[in-house]
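Participant: Quick one: sequence and predicted model below, then my questions.
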Amino acid sequence: MAFACPLLIACHRGEALGRPTASLSDTTGASRDFERIRVAWGRNDPAERPELRREIEAFCAAHPNDGVTPLARIYWALSLMDPPADWPQAERRLGDLSPPRPGSAHDLYIVAVAKLRRFHHHPDAAFELLRPLVGTIVDVRGRALLQEELTFDALEAREPYEAIAYMDAWLRGASEEDRQASEAKVAVALGAVPEAALRGSLQAMRTSAKAGQSHGYGIAIERLVGERLGQIAVERGDASLARWLLDPDAEAPSLGEEVAVALGQLATSRRGIGSVAGRTVGLVLPTTSTDLRDEAADVLRGVLWALEIGGEASGQASPAQAVRLVTRDDGGDPGRVRAGLEEVAGEGASVIITALDGDASEQALEWAASSTLNVIVLATPRSLKTRPDAPRAASGFSVGESWSAELRVLAAALAVHEAGTPRPGTTRRTLTDRVATLADSEAASSLVEAAATPGAPWESPLSCDTALKTAGESRFPLAAWEHAGVQRWLVAGSTACAEDLFRGIGRSSRRGVIGLTLEASEVVARPVAGLRLVTAAAGVVPLGSSPPEDPRAVDVRALVARTGARPAWWTALGRDAAVLARMALSSLPLDSTSDVDEIARRRAVVRQALVDARAPLWTSDHEGFDATRNLPRSIRLVDLNH
């Protein structure tokens with residue numbers, strides 16, 4: 001960044017050098033040669049850019065001291081900043097120049113300096129450098145360059161409303177030949193503008209237009225802002241935003257045909273339509289996701305059990321409780337969570353259960369805050385890792401468990417393990433104190449962070465979904481573990497992942513200790529003698545961790561007898577969320593309403609009832625949400641060898 005200070009000083013000095021002067025050629029030949037360059041520069045055809053650079057280089061070599069050569073060199077530097085860009089050479093070319101006297105060449109010089117400042121991550125300085133030029137450049141190409149650079153400087157300086165204003169000026173000043181290319185660039189730039197700023201700008205345009213006032217914006221920028229919001233609505237499945245954009249009473253912007261059709265289909269769906277239909281629970285799960293399909297099935301099993309809905313495909317409420325269940329599939333894509341939530345809200349749900357991973361939880365809780373509809377997430381939102389005390393919307397609840405609590409308990413158990421004596425015929429090996437970890441996709445990121453903590457015992461995790469390379473062999477690096485002296489393992493994944501590990505280690509007669517997180521705790525198989533097995537436990541999970549006479553354990557055994565499936569951690573989470581939701585809904589009337597005030601009242605009743613709900617839970621010894629609307633737990637350790 002050696003260029004920065006000298007060039008800035010030079011620019012300010014240049015401003016005081018006198019009256020504007022035109023860049024004129026000294027000879028007829030030079031004037032004729034430069035005219036071709038000037039025309040190509042103004043045309044700004046990307047296909048002609050390489051040839052333009054060659055012509056400028058040849059001109060500067062042939063006329064090194066001509067009056068227009070400094071302007072040609074500025075053209076050259078600016079051209080090198082456009083695709084295919086060569087920033088190092090552009091910086092060298094510009095650094096070799098003395099600041100021109102005031103005039104068009106000096107203005108372009110300042111634009112070039114500003115572009116370099118932004119390239120070196122100083123958009124605020126670039127922005128301030130260009131402000132004095134606004135409204136002073138007469139040249140069409142120079143004015144377009146100025147407005148384009150001001151736009152990107154404002155965006156990177158986090159001034160989105162100013163950026164939109166400069167985009168409008170950019171489009172208004174574009175020549176007929178440049179209009180299409182300029183609109184394409186503005187459309188790309190709008191992708192970096194936050195949604196709130198887009199909506200605020202479009203709302204201001206609409207309000208002024210409705211009042212018959214001139215809002216100062218052109219038709220082109222209004223259309224492009226509307227189309228960008230339309231893309232957001234379609235990508236997110238946001239029916240409320242689609243309806244707002246197409247509101248006939250709000251001077252809806254003219255939109256491209258493709259966006260308009262997609263918005264029309266979205267706006268006429270039931271997503272986001274306010275209603276409360278009796279005692280309805282919504283369930284949004286990734287039932288078609290390859291990675292999360294099994295977990296989604298486990299959650300559904302627990303929800304159906306808690307709501308006393310017979311038959312997983314019946315969708316009928318128990319006559320005694322009149323609880324209705326509506327479901328949607330989000331495909332395991334956090335971006336589709338909002339669409340699923342809006343759809344079940346449109347079906348009349350007052351409380352929605354959703355989210356099997358931290359990203360989906362974040363999306364769901366953000367939506368809950370904006371919609372005031374009650375949402376229970378099954379996984380801990382990612383924000384709790386960095387902001388454990390962050391405030392949450394009153395309508396957002398969580399029954400998830402943080403990985404850090406489980407890892408603390410398991411780390412203590414794995415750390416105290418002592419390796420056994422070597423097998424006959426072998427010598428004692430140097431044993432590592434590191435813990436090999438296996439994890440599913442959701443746990444992996446948490447374990448990567450844990451492994452990076454100074455002094456942490458964890459190795460970077462291997463995926464539980466590692467493909468089998470050779471038939472009959474383990475999916476896991478048993479030989480590498482043997483060579484490294486690994487005798488400690490952690491499984492933060494499914495029971496199937498744990499049992500695959502048991503089989504692999506068992507064939508090698510290894511000794512050591514295996515720790516299981518709550519998700520893997522309900523293993524049926526056991527490792528061979530010489531391997532100690534410990535697991536995190538909470539509530540009655542795993543099933544054998546509580547006295548047989550515990551009413552909760554009795555309820556779990558009843559589910560096993562009814563379905564023939566051993567309950568997993570996700571089954572228990574789904575069951576607990578649905579039990580609390582069912583209690584909260586019990587005070588609602590059985591009729592439906594679309595009255596805005598009554599919808600708000602009923603949702604508020606359910607919200608308070610969720611705060612107050614208390615019931616025996618499978619995943620916790622606590623019976624309901626705490627003041628932060630989380631389900632508290634005490635994680636303990638269980639030795640499964642006893």
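Facilitator: Cool, the structure landed. Numbering: from 1, shown residues only.
Participant: If you average pLDDT per helix and strand, which one of the protein comes out bottom?
Facilitator: For the chain, scoring each helix and strand by mean pLDDT, DSSP states H and E identifies helix 4-15 as the least confident one, at a mean of 41.
Participant: which residues sit against the very next helix or strand once past that one?
Facilitator: Downstream of helix 4-15, the next assigned helix or strand under DSSP states H and E is helix 28-43. Helix 28-43 is contacted from outside by 25, 48, 51-52, 55-56, 59, 62-63, 66-68, 72, 75, 79, 140-141, 177, using C-beta atoms under 8 Å, 6 or more residues apart in numbering. Bear in mind the C-beta positions are built from the backbone N, C-alpha and C, glycine included.
Participant: Which parts of the stretch 301-450 of the chain are helices?
Facilitator: Taking DSSP state H, counting those that start in this stretch to define them, one finds helices in the stretch 301-450 of the chain at 334-346, 358-371, 383-386, 403-415, 441-451.
Participant: who touches the helix or strand following the last one?
Facilitator: The reference is to helix 441-451. Using DSSP H and E, the helix or strand that follows helix 441-451 in sequence is strand 462-463. Residues from elsewhere that reach strand 462-463 (C-beta under 8 Å, 6+ apart): 436, 437, 438, 439, 440, 441, 444, 476, 477.
Participant: and the gap between the residue nearest to residue 62 when sequence neighbours are not counted and residue 40?
Facilitator: Using C-beta to C-beta, 6 or more residues apart in numbering and skipping the chain neighbours, the partner closest in space to residue 62 is residue 33 (7.1 Å). From residue 33 across to residue 40, the span is 12 Å (C-beta to C-beta, to the nearest Å).
Participant: now swap in residue 266 and tell me
Facilitator: Residue 266 is 45 Å from residue 40, by C-beta to C-beta.
Participant: before we move on, what about residue 597?
Facilitator: For residue 597, the distance to residue 40 - C-beta to C-beta - is 66 Å.
Participant: Could you check which of those two is surrounded by more residues?
Facilitator: The residue with more neighbours, out of residue 597 and residue 40, is residue 40; 18 against 8, by other C-beta atoms under 10 Å.
Participant: Start and end of stretch 135-142, how far apart?
Facilitator: 11 Å (C-alpha to C-alpha, to the nearest Å).
Participant: Looking at that stretch now, give me its mean pLDDT.
Facilitator: The average pLDDT for stretch 135-142 rounds to 78.
Participant: Pull out the buried positions in it.
Facilitator: 137, 141, 142 (16 or more other C-beta atoms under 10 Å).
Participant: Now do the SS call for residue 537.
Facilitator: Of the three states, residue 537 takes strand under DSSP: H, G, I helix; E, B strand; the rest coil.
Participant: where does it land on pLDDT?
Facilitator: Residue 537 is given a pLDDT of 94.
Participant: and what of residue 289?
Facilitator: For residue 289, pLDDT reads 79.
Participant: Then residue 214?
Facilitator: Looking at residue 214, its pLDDT reads 53.
Participant: how about low-confidence regions in the stretch 251-400 of the chain?
Facilitator: 251-254, 256, 268-274, 310-321, 383-392 (pLDDT under 70).
Participant: Please repeat the previous calculation with a cut-off of 50.
Facilitator: Low-confidence segments of the stretch 251-400 of the chain, defined by pLDDT under 50: 311-320, 386, 388.
Participant: next one: phi and psi at residue 512?
Facilitator: phi 150, psi -160 (degrees, to the nearest 10).
Participant: what does residue 25 give?
Facilitator: Note on residue 25: its backbone torsions stand at phi -80, psi 150 [degrees, to the nearest 10].
Participant: quick revisit: for ChimeraX, write a command that selects the buried ones of the contacts of helix 28-43.
Facilitator: Selection of buried members from the contacts of helix 28-43 for ChimeraX, criterion 16+ other C-beta under 10 Å:
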select :25,52,55,56,59,63,66,67,68,72,75,79,141
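Participant: Of the buried residues of stretch 135-142, which belong to helices?
Facilitator: Among the buried residues of stretch 135-142, the ones falling in helices (DSSP state H) are 141, 142.
Participant: Tally up the residues packed near residue 243, please.
Facilitator: 18.
Participant: what's the closest non-adjacent residue to it?
Facilitator: Closest to residue 243 by C-beta to C-beta, 6+ apart is residue 267, at 4.7 Å.
Participant: go on, residue 575?
Facilitator: What sits nearest to residue 575 in space, not counting adjacent residues and going by C-beta to C-beta, 6+ apart, is residue 302, at 3.4 Å.
Participant: Could you measure from the one you found over to residue 560?
Facilitator: Applying C-beta to C-beta, the value for residue 302 to residue 560 is 12 Å.
Participant: Residue 144 belongs to a helix, doesn't it?
Facilitator: Yes. Judged by three-state DSSP, residue 144 forms part of a helix.
Participant: residues in contact with it?
Facilitator: 170, 173, 174, 175, 178, 182.
Participant: Nearest the geometric middle of the chain, what residue?
Facilitator: Residue closest to the average C-alpha location in the chain (C-alpha atoms, centre = their mean): residue 359, at 6.7 Å.
Participant: these two touch, right, that one and residue 334?
Facilitator: Yes. Assessed by C-beta atoms under 8 Å, residue 359 is found in contact with residue 334 at 4.2 Å.
Participant: what's near enough to touch residue 112?
Facilitator: 74, 77, 78, 81, 90, 94.
Participant: In terms of helices and strands, where is it?
Facilitator: helix 104-119.
Participant: quick one: that helix to chain centroid distance?
Facilitator: 35 Å (C-alpha atoms, centre = their mean, to the nearest Å).
Participant: Quick one: mean pLDDT for that helix?
Facilitator: On average, the pLDDT along helix 104-119 is 91.
Participant: what angle sits between it and helix 28-43?
Facilitator: In terms of direction (axes from the mean of the first three to the mean of the last three C-alpha atoms, to 10 degrees), helix 104-119 departs from helix 28-43 by 50 degrees.
Participant: Next secondary structure after helix 104-119?
Facilitator: Next along from helix 104-119, by DSSP H and E: helix 123-130.
Participant: Report how many residues lie close to residue 186.
Facilitator: Each residue near residue 186 was counted by other C-beta under 10 Å, and the total is 25.
Participant: Tell me which helix or strand the residue nearest to it when sequence neighbours are not counted sits in.
Facilitator: Leaving aside its sequence neighbours, residue 186 sits nearest to residue 167 (C-beta to C-beta, 6+ apart; 4.8 Å). In this assignment (DSSP H and E), residue 167 forms part of helix 160-173.
Participant: Next SSE downstream of that helix?
Facilitator: Of the helices and strands lying after helix 160-173 in sequence (DSSP H and E), the nearest is helix 179-190.
Participant: hmm, who's touching that following helix?
Facilitator: With C-beta under 8 Å, 6+ apart as the test, helix 179-190 has contacts from 44, 144, 148, 151-152, 155, 163-164, 167, 170-171, 174, 198, 220-221, 224-225, 227-228.
Participant: same check, this time on stretch 292-305
Facilitator: For stretch 292-305, contacts defined as C-beta under 8 Å, 6+ apart pick out 281, 283, 285-287, 289, 310, 312, 325, 327, 332, 353, 356-357, 378, 494, 559, 562-563, 565, 567-578.
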